[in-house]
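Engineer: Fold the following, please.
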Amino acid sequence: MKLILIINNLKIKTMKIAVIGLLTIGALTLSACTENKEKTSNTTMQHDMNGMKEGETMEDMSMNANMTVVDATKSSANLDDLTLNYMQLTAALADDDGGKAASAAKNMVQSLAKIDQSNFAAEQKKEYADIAAELKEHAEHIAENAGNIEHQREHLDLLSADFYDLVKDFGASKPVYKVFCPMYNESKGAFWLSSSKEVKNPYYGKEMLTCGEVQEEIK
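Structural biologist: Below you'll find the predicted structure:
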């Protein structure tokens, strides 16, 4: 009888040891899984950080419709030629040169057609298409009216408003200044964009070359 009791006690102890062992193994497995997940998360974040350019922050990166990373700094660089053409246009009108203004406007139309939109997010593409259509219309008017500088200036007023939206939404690789002329359009005023704080008024040219003030710096 005693022998049976001893055997039963051994069985109970063996079962307790087995249960404790299983619980220990389960806890170790759960800990290992959690650790692996943390390592994977850290590795993914490190990979994303390594893909950024020197001096770039996460705020400089945006997500496109397919959730792939888009480098926002490339958008402004993509518009450099168009911006240069616009600056040439305003400079020509400030010099009262309708011929050079027409040539610069024609170059703007050509630059618009060459813009690489592959780096734009889906929403950016739609926004750019709307602005580009307006820019093209006004640039074509200026290009076709080399002998009518007042008509060119009227369309510069409208074109500048669209170009301002473009630079604000897509950025500029170099600082751009918004300059306001309070006298133009029967004292309603109009603005243009400049690569310099120096005022050279494209709406009045040599008649009132320095009429205007810098209202905003866009970076």
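Engineer: in which helix or strand would I find the closest residue to residue 134 other than its chain neighbours?
Structural biologist: Excluding its sequence neighbours, the residue lying closest to residue 134 (Cβ to Cβ, 6 or more residues apart in numbering) is residue 162, at 4.4 Å. From N, CA and C alone the C-beta is placed, and that goes for glycine too. Assigned by DSSP states H and E, residue 162 falls within helix 149-170.
Engineer: cool, and residue 217?
Structural biologist: Element membership of residue 217 [criterion: DSSP H and E] is strand 213-218.
Engineer: And the helices in the chain?
Structural biologist: For the chain, the helices defined by DSSP state H cover 2-50, 73-78, 80-94, 98-114, 122-143, 149-170, 184-187.
Engineer: Quick check, pLDDT for residue 219.
Structural biologist: If you check residue 219, the pLDDT there is 86.
Engineer: returning to what we had before: just list what the helix holding residue 162 packs against, helices and strands only.
Structural biologist: Applying 3 or more Cβ pairs under 8 Å, 6 or more residues apart in numbering; DSSP states H and E, one finds that helix 149-170 contacts helix 80-94, helix 98-114, helix 122-143, helix 184-187, strand 190-194.
Engineer: which of these sits most buried?
Structural biologist: Among these, strand 190-194 has the highest mean neighbour count (mean count of other Cβ atoms under 10 Å), at a mean of 23.
Engineer: Between helix 149-170 and that strand, find me the angle.
Structural biologist: Here strand 190-194 runs at 60 degrees with respect to helix 149-170, directions being taken by axes from the mean of the first three to the mean of the last three Cα atoms, to 10 degrees.
Engineer: circling back: nearest to residue 205, out of the helices and strands packed on helix 149-170?
Structural biologist: Minimum separation from residue 205 across these (Cβ to Cβ) falls at helix 80-94, 5.7 Å.
Engineer: coming back round to it: wait, doesn't the residue nearest to residue 134 sit right on residue 136?
Structural biologist: No - counting by Cβ atoms under 8 Å, residue 162 stays clear of residue 136, with 9.6 Å between them.
Engineer: Just the buried residues of the helix holding residue 162, please?
Structural biologist: Within helix 149-170, the residues that qualify as buried are 149, 152-157, 159-160, 162-164, 166-167, 170, counting by 16 or more other Cβ atoms under 10 Å.
Engineer: Poorly predicted segments of the protein, please.
Structural biologist: 1-77 (pLDDT under 70).
Engineer: one more time with 50, if that's ok
Structural biologist: Residues of the chain meeting the criterion pLDDT under 50: 1-72.
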